[in-house]
Structures are given as structure tokens and as C-alpha cells.
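Visitor: only the shape, not the letters, is given here:
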């Protein structure tokens with residue numbers, strides 16, 4: 001029974017992801033097949049945590065490396081990654097479609113170059129998508 005529910009949730013999340021990608025493409029944001037974005041896979045998280053979703057990056061584009069200083073420490077950071085793994089918490093799949101889509105699109109924005117955090121570029125994408133598609137994508141959910 002649980003295995004069937006998990007399989008159904010995986011099918012549902014992939015269907016909704018493709019709907020989100022299609023909506024984004026209609027407003028000029030190509031996600032699927034875009035070399036600048038890289039490869040994205042999506043799944044329902046195996047853990048039932050409090051957060052809505054997460055985007056985990058792999059394979060940093062070495063040409064986008066920079067060093068960030070915080071006090072006496074230096075951190076190597078990257079503006080672009082070639083692989084992204086989006087995980088959506090299973091409890092989110094029980095919410096209404098608008099919340100599921102907002103969560104997926106929020107994580108898709110993290111796949112865009114220079115959007116690894118909730119900085120200026122992330123906010124630009126969120127604002128544009130909210131205006132064009134009527135979502136309420138923000139840094140955190142209330």
C-alpha cells in the first residue's frame with residue numbers, strides 16, 4: 001500500500017514539474033534542455049521534514065567560481081551548477097496544487113545561474129514569475 005502511494009506521488013510530482021516548466025517557458029524562462037540551467041531531477045523526499053522543499057546542486061561550473069570572504073575566513077562558491085536535485089517534502093503533496101507549484105517553482109529558481117541563495121537574482125526571478133503567473137513565491141512560506 002505504501003509503495004503504491006509513493007509511486008503515485010512520484011508520478012504526480014513529475015507531472016506537476018512538467019506543468020511548471022511549461023508555464024515558465026510561456027513567459028520566457030526555459031528550464032528543460034537549457035544548458036545554462038543544467039539537468040534537473042525532481043522527487044518526493046524520503047524524509048518527512050518541516051521544510052517544503054530543497055534544491056541540492058552538483059557538478060559546479062568551475063568557470064563561475066569565486067571566493068567570498070566572511071571575517072578571516074574565505075569560502076569558495078559557484079554561481080552555476082550543471083546538475084540539480086529537487087526534493088519536495090511528502091506532506092506538501094497533500095496541499096493544494098498552487099502551493100505545490102509554488103514550491104516547485106521556488107526550487108526551480110534555485111537552479112538558475114546566480115540563484116543558489118535567496119539573494120538579488122532569486123528575488124528578480126520570483127518577482128517576475130509572481131507578476132506574470134500570479135504565484136506567491138517568496139523566500140519562506142508563512
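Guide: Received the coordinates, thanks. Only a predicted model underlies this, so the values are computations on that prediction, with no experimental measurement involved.
Visitor: quick one: buried residues of stretch 130-140?
Guide: By 16 or more other Cβ atoms under 10 Å, the buried positions in stretch 130-140 come out as 133, 135, 137. C-beta: built from backbone N, CA, C; applies to glycine.
Visitor: okay, those in CSV with pLDDT, secondary structure and distance to residue 104 next?
Guide: Formatted as CSV, the buried residues of stretch 130-140 follow (pLDDT from 0 to 100; DSSP: H, G, I helix; E, B strand; the rest coil; distance: Cβ to Cβ, whole Å):
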residue, pLDDT, secondary structure, distance to residue 104
133, 96, helix, 12
135, 94, coil, 10
137, 92, coil, 10
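Visitor: now, which of the residues you listed sits nearest residue 82?
Guide: For those, the closest approach to residue 82 (Cβ to Cβ) belongs to residue 137, at 23.8 Å.
Visitor: how about the closest residue to that closest one other than its chain neighbours, what does it touch?
Guide: Spatially, and ignoring its direct neighbours in sequence, residue 137 is nearest to residue 126 (4.4 Å; Cβ to Cβ, 6 or more residues apart in numbering). Residues counted as contacts of residue 126 (Cβ atoms under 8 Å, 6 or more residues apart in numbering) are 106, 109, 137-138.
Visitor: try it again with 7 Å
Guide: 109, 137-138 (Cβ atoms under 7 Å, 6 or more residues apart in numbering).
Visitor: so it: helix, strand or coil?
Guide: Secondary structure, DSSP: H, G, I helix; E, B strand; the rest coil: residue 126 is helix.
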